[in-house]
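Asker: Sharing a model prediction with you, sequence too.
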Amino acid sequence: MPTMPQRCLAEFVGTFILVFLGCGAVHVAVLTGGLTGLWQVAIVWGIAIMLAIYLVGGVSGAHINPAITLALAFWRKFRWAHVVPYIVSQLAGAFLAAMALFLLFFGFLHQKEQELRVTRGHPDSKVTAMCYGEYFPNPGVKITAGRSDLELVVSEPAAVAAELLGTLFLALMVFALTDERNSAAPQAKLAPVFIGLTVTALICVIAPLTQACFNPARDFGPRLFAYFAGWGPVALPGPQPTGFLTVYILAPILGAILGGGVYLGLIRPALPDQPARANQAL
């Protein structure tokens, strides 16, 4: 049985991988144009999640997401005493991954700011701050409305709804794919692949609205780093004073809890007591 320090290290490493590869793809897309389509960025996030789960899942369960940790604890699938150590480890992994990306892409960040004639810390600098924390609507999406109408395209309530629904769907699939009673779940330890693909699909739909977070550590860790790296209030709290809290922290947590509840309350009771994989048609 892994010790708590070992589990926390696993959560740290898993979240580091998730953010380094996922936010790394955002850096490449925003700063270099190397990833030109939403699908290309989304699939990197999906692969990052898959790799992180395969690497540390056997040690910590690979929550790599405070919303999932809290949902599991809420539905008595995880000990409340372990919640804080897990979340601290996840935040630390996300923060240090953002730091690593900042050091690697420092020259590209400076070049992009010069190209766009923005000063880091000025409200317009969210076009580079979006490599770390997230914004609604997605600053990378071309919108025909004037700048004064930009926030009307995706209001804070709409952004909350998008993140809540997206994380609900993610948690629903996590609970289903990891349930031993679910005979329809993928065999041969393929659950990480399908969890990654779930996130990929969700990003393709939700990213134009909110950049598709579904994970408070993924947003807050890099956002906090960006605050100290020169973006200041543009990163934290961001252009919408309450948006980072309601959209990127509270909405994913509530969505994950609801998603777990939907599975445990509506889907799981209909499953047979014993899985019948051997009799299932291939």
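Answerer: Thanks, I have the structure now. Numbers count the residues shown, from 1 in each chain.

Asker: Do you have the helices of the stretch 151-282 of the chain handy? List them.
Answerer: Counting by DSSP state H, counting those that start in this stretch, the stretch 151-282 of the chain has helices at residues 156-177, 191-210, 216-226, 243-245, 251-262.

Asker: Next, work out how far apart the nearest residue to Val193 once chain neighbours are set aside and Ile68 are.
Answerer: Take Val193 and drop its neighbours on the chain: the residue closest to it by CB to CB, 6 or more residues apart in numbering is Met50, 5.5 Å away. Quick note: C-beta positions are derived from backbone N, CA and C, even for glycine. Computed as CB to CB, to the nearest Å, the Met50 to Ile68 distance reads 15 Å.

Asker: and if you look at Glu180?
Answerer: Relative to Ile68, and taking CB to CB, Glu180 is found at 18 Å.

Asker: next one: Leu190
Answerer: Going from Leu190 to Ile68 by CB to CB gives 19 Å.

Asker: can you check Cys23 too?
Answerer: Going from Cys23 to Ile68 by CB to CB gives 18 Å.

Asker: Show me where the stretch 1-150 of the chain dips below the pLDDT cut-off.
Answerer: For the stretch 1-150 of the chain, the stretches with pLDDT under 70 are 142-150.

Asker: the more surrounded of Leu190 and Ile68?
Answerer: With neighbours defined as other CB atoms under 10 Å, Leu190 and Ile68 compare such that Ile68 has more, 31 against 12.

Asker: Leaving out the residues flanking it, which one is nearest to the more buried one?
Answerer: Per CB to CB, 6+ apart, closest to Ile68 is Ala256, 5.7 Å.

Asker: three-state assignment of Ala42?
Answerer: Following DSSP: H, G, I helix; E, B strand; the rest coil, we place Ala42 in the helix state.
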